[in-house]
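Student: Quick one, what's the 3D model for this:
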Amino acid sequence: MPSFFIEQFGCRATQADGAALERQLLDRGCNSASTAATADIVVVNTCTVTASADAQARDAIKKLHAANPAVRVVVTGCYAQRAPDELAALPGVAWVVGNSHKPQIPQLVDSLSTAASCESANDFFPAAALHGDSTVPFHSFAGEQLYPQRRGNAAPRLGKILIGNIFDRTEFLSAPVLGGEGNHTRPTLKIQDGCDSRCSYCVIPFVRGRSRSLPPDTVIQEIQRLIVGQTFLSVGTPSSLVPSPAREIVLSGINLGAYGRDLSPRVEFEDLLRRVLDETSIERLRISSIEPLDVTRDLVELFASTDRMAQHFHAPLQSGSDRILAAMHRWYRAEHYARRVALIRERLPHAAIGADVITGFPGETEDDHAATTAFIEGLPFTYLHVFSFSTRPGTKASALSNEVPGGVIKRRARDLRALGEAKAAAFRQSQLGRTLPSPAII
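Tutor: As a prediction, the model looks like this:
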């Protein structure tokens, strides 16, 4: 069997996809290489949330091919789903596999090792189906085509493409993501994927599909495995990489608060958390990013009722200007967000509260930026993740005019990051002298 290496880019959800692929490949008898340079096949698991993420993936693929022209590169992930032709044209790329077919990558790896054809596999079809007289629809919910037609002067395609309509997919690909070497007691478990929201700037729903949830019983089983330190490892894995029993677990998702809404019967996110606390012995449970309107009183009361829930909330803000929030198609206004933060602070006075902020959205004025700055200054944030706006093809925001000049975006981002650093320093200062239960990573 061939050896493989998975090169990861992007968010926790993408990393969970990569961990699941690794589990499947090991289960099929493939060998995990310690580095990309020693692997027969390298799976590049991409992100496409920004243009910078796209560029990082392309650069990595070029470097892989330059270092080892014989290595077979399989590109998958969100970038592969969004723009497969761009990636298939890169030297060294054998296959581009969209998120729609990511669960079938282990079968593809088998085909690469046996020289068997994969085009006859169920639900597989080549990239040519995306173009010409194809009857297969590939359109965003915004009504804009996500996959542009090839032009006569387009670069020749080198790799083959396996891709389908992401909205037809119901598979849930997930496995725990362990920390780096020496940090294996706080793994991340993806329990939700996809998104049914349509924020005007975001391409993720179009490359990850509808919201899907890991069944509660499966969540409990995975957590029980992590508590006792069980996972899938290749033969010869160094002892330093063998996971320790988990003391804290992070639950993650693309839209975590939407967990369970697709299940029958419907499951509330808060009820899943209660089951985990009641049915497992995990010492600490942490949640990743959650939309502000999903920060309910019931959820906050659950956090306040036990020291087993990490007192940490990350709720994307994006802007403090109601005008920009409306243009972004966010489902709240600044006042609604502030109420959620006040609720957290009322019941959890020492909780860490973080936020994502996008600066430079088309049409953002100095008044909008000032409104965002003033809003953040007035709330007890403990850190900020600041992003410069990046146009994503196929989104409604990509058609907006009034682009903000790059220099202005950089200045605004610099100002917001400085504000975030000041907020973080003030929070750390406020925690001096506190005695916290173990494990205590807030």
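Student: got a list of what Val49 touches?
Tutor: For Val49, the contact set (CB atoms under 8 Å, 6 or more residues apart in numbering) comprises Gly10, Cys11, Cys78, Cys202, Val203, Ile204, Ser390, Arg392. Any C-beta I mention is one placed from the backbone N, CA and C, and that applies to glycine too.
Student: wait, is it part of a helix?
Tutor: No. Under DSSP: H, G, I helix; E, B strand; the rest coil, Val49 sits outside any helix and is assigned coil.
Student: Compute the distance between it and Asp294, please.
Tutor: Relative to Asp294, Val49 is positioned 20 Å away (CB to CB, to the nearest Å).
Student: Hmm, Gly159 is touching Glu86, no?
Tutor: No. Counting by CB atoms under 8 Å, Gly159 does not reach Glu86; the two are 10.8 Å apart.
Student: Comparing those two, which shows the higher neighbour count?
Tutor: The neighbour count for Gly159 versus Glu86, taken as other CB atoms under 10 Å, is higher for Gly159 (22 against 19).
Student: sorry, back to before: between the contacts of Val49, which has the most around it?
Tutor: Using other CB under 10 Å as the neighbour test, the contacts of Val49 are led by Cys78, with 29 neighbours.
Student: Quick one, grab the pLDDT at that one.
Tutor: Predicted confidence (pLDDT) at Cys78: the value is 94.
Student: for Asn68, same thing?
Tutor: 90.
Student: any idea how far Val109 is from it?
Tutor: Distance of Asn68 to Val109, given as CB to CB: 17 Å.
Student: Same question for Glu7.
Tutor: 14 Å.
Student: Those two: which is more packed in?
Tutor: Val109 (25 against 18).
Student: got the residue ranges for the strands in the stretch 251-400 of the chain?
Tutor: For the stretch 251-400 of the chain, applying DSSP state E, counting those that start in this stretch gives strands covering 284-287, 312-314, 352-359, 383-388.
Student: Put together TSV for the ones you listed, with mean pLDDT on each row.
Tutor: As requested, those are arranged in TSV below (pLDDT from 0 to 100):
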stretch	mean pLDDT
strand 284-287	97
strand 312-314	98
strand 352-359	98
strand 383-388	97
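Student: name the element Arg412 belongs to?
Tutor: Assigned by DSSP states H and E, Arg412 belongs to helix 406-430.
Student: roughly how far apart are Ala66 and Pro2?
Tutor: In this structure, Ala66 and Pro2 are 21 Å apart, going by CB to CB.
Student: ditto for Glu366
Tutor: Distance from Glu366 to Pro2, by CB to CB: 56 Å.
Student: Can you pick out the residue with more neighbours from these two?
Tutor: Neighbours were counted for Glu366 and for Pro2 using other CB under 10 Å; Pro2 has more, 17 against 9.
Student: show me what contacts that one?
Tutor: Counting by CB under 8 Å, 6+ apart, Pro2 touches Cys30, Asn31, Asp40, Ile41, Val109, Leu112, Ser113.
Student: In those residues, find the pair that's most separated.
Tutor: Based on CB to CB, the longest span within the contacts of Pro2 runs between Asn31 and Leu112 and measures 13.9 Å.
Student: mind checking the backbone torsions on Ile249?
Tutor: phi -130, psi 140 (degrees, to the nearest 10).
Student: Just give me the neighbour total for Ser430.
Tutor: By other CB under 10 Å, the residues close to Ser430 number 13.
Student: repeat for Ala55
Tutor: By other CB under 10 Å, the residues close to Ala55 number 10.
Student: how far away is it from Cys202?
Tutor: Separation of Ala55 from Cys202 (CB to CB): 19 Å.
Student: buried residues in stretch 367-378?
Tutor: Within stretch 367-378, the residues that count as buried by 16 or more other CB atoms under 10 Å are Asp368, His369, Ala371, Thr372, Thr373, Phe375, Ile376.
Student: Just to check, the fifth one is in contact with Gly420?
Tutor: No. Taking contact to mean CB under 8 Å, the distance of 10.9 Å between Thr373 and Gly420 leaves them out of contact.
Student: and Arg225, how far is that from Thr280?
Tutor: Going from Arg225 to Thr280 by CB to CB gives 10 Å.
Student: So for these two, which sits in the more crowded spot?
Tutor: Legend: neighbour count by other CB under 10 Å for Arg225 and Thr280, higher for Thr280 (19 against 15).
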